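**Student:** Next one to model:
(one chain, ligands or ions: 1)
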Amino acid sequence: MKEHAESMLKRKLIVNRGESIDRRSAVGTHQKATCEDIARLALAMHDRKHFFSLRRSLEMRFSRDINGSGVQALEVLRTGAGDDSRYLFRVHFESVHRDSESFLYEADLIRDQGKDYEPTVNCGKHCFGAQSVWLQIDWSSDEVAQWYSDTQRLSTADPDSLEEWLESDKEMLVKCRAGFICGWEKVLARDDLARHANAGTSLEDLKARLTCSKCGKRNARILAL
Ligand SMILES: [Zn+2]
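**Tutor:** Sure thing, here's the model as predicted:
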């Protein structure tokens, strides 16, 4: 664990609040990405982590207190990669004023006070903004451009009928209600959705009918992919 952190330290590029770097859009135009833009992308990826896990083989780790002073971090890692290429980037968030322009999300501020063997302290709801990002992946790479277009595509509200779902460019991920206790999930591809729609099934009917084939729990969750 310590080795990972050190190898990341050797090669990382740091972008602090107020700084920016180059990135490429999906159509190849050059743009600037500020520290805050990168933080927003990371949070959007975290919101849709089911998609990034399934389709892009990425995992996200959120830490509520990385240094005892309440700094929070969101790490994006490549699932199953070797140590050298596992870490992709990490965003650090610090507590900011509610009316600050850099306010990105609200969460409990947790501190361990830097004292060993003492419980962490929950200081209640605070607002957080981006402090810095550490990059280990080339931010002007095709892969990063793909993440920007993925989050943009997934940022629209999920369709609320099967017909709308078919008109959108989204597939459907069905996950067991029991969550990680069961872990069952299945992708309904566009052909599957079309078959249900042609049979006159409504989205509500489909949801009610979706039963976990592993534990038998009803009313599975559906998410857009
Ligand atoms: Zn289940």
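**Student:** Retrieve the pLDDT associated with the closest residue to Arg111 other than its chain neighbours.
**Tutor:** Closest residue to Arg111 apart from its sequence neighbours, by Cβ to Cβ, 6 or more residues apart in numbering: Gly70 at 4.6 Å. Where C-beta positions appear, they are placed from N, C-alpha and C, glycine not excepted. Gly70 is assigned a pLDDT of 89 by the prediction.
**Student:** Over to Asp65?
**Tutor:** 87.
**Student:** do Leu154 as well
**Tutor:** 92.
**Student:** quick one, what contacts the nearest residue to Lys214 once chain neighbours are set aside?
**Tutor:** Counting by Cβ to Cβ, 6+ apart, Lys214 lies nearest to Trp184, which is 4.0 Å off, once chain neighbours are set aside. Residues counted as contacts of Trp184 (Cβ atoms under 8 Å, 6 or more residues apart in numbering) are 175-176, 178, 212-215.
**Student:** Could you do Phe89 as well?
**Tutor:** Contacts of Phe89 (Cβ under 8 Å, 6+ apart): 38, 42, 75-76, 133-137.
**Student:** from the middle of its chain, how far away would stretch 57-73 be?
**Tutor:** 13 Å (Cα atoms, centre = their mean, to the nearest Å).
**Student:** ok, residues contacting that stretch?
**Tutor:** Residues from elsewhere that reach stretch 57-73 (Cβ under 8 Å, 6+ apart): 42, 45-46, 49, 52-53, 74-80, 88, 90-95, 107-114, 120, 123, 126, 128, 131.
**Student:** For beta bridges, what are the partners of the residue nearest to Gln136 when sequence neighbours are not counted?
**Tutor:** Nearest residue to Gln136, sequence neighbours excluded (Cβ to Cβ, 6+ apart): Tyr87, at 4.9 Å. In this structure, Tyr87 bridges to Leu77 when assessed by DSSP bridges.
**Student:** switch to numbering from 38
**Tutor:** Sure, I'll start counting at 38 from here, so that last one is Tyr124.
**Student:** ok, back up a step: make JSON lines from the contacts of Trp221 and add distance to the ion to it.
**Tutor:** Output for the contacts of Trp221, formatted as JSON lines (distance: Cβ to the ion, whole Å):
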{"residue": "Lys212", "distance to the ion": "9"}
{"residue": "Cys213", "distance to the ion": "3"}
{"residue": "Ala215", "distance to the ion": "5"}
{"residue": "Cys249", "distance to the ion": "3"}
{"residue": "Ser250", "distance to the ion": "8"}
{"residue": "Lys251", "distance to the ion": "5"}
{"residue": "Cys252", "distance to the ion": "3"}
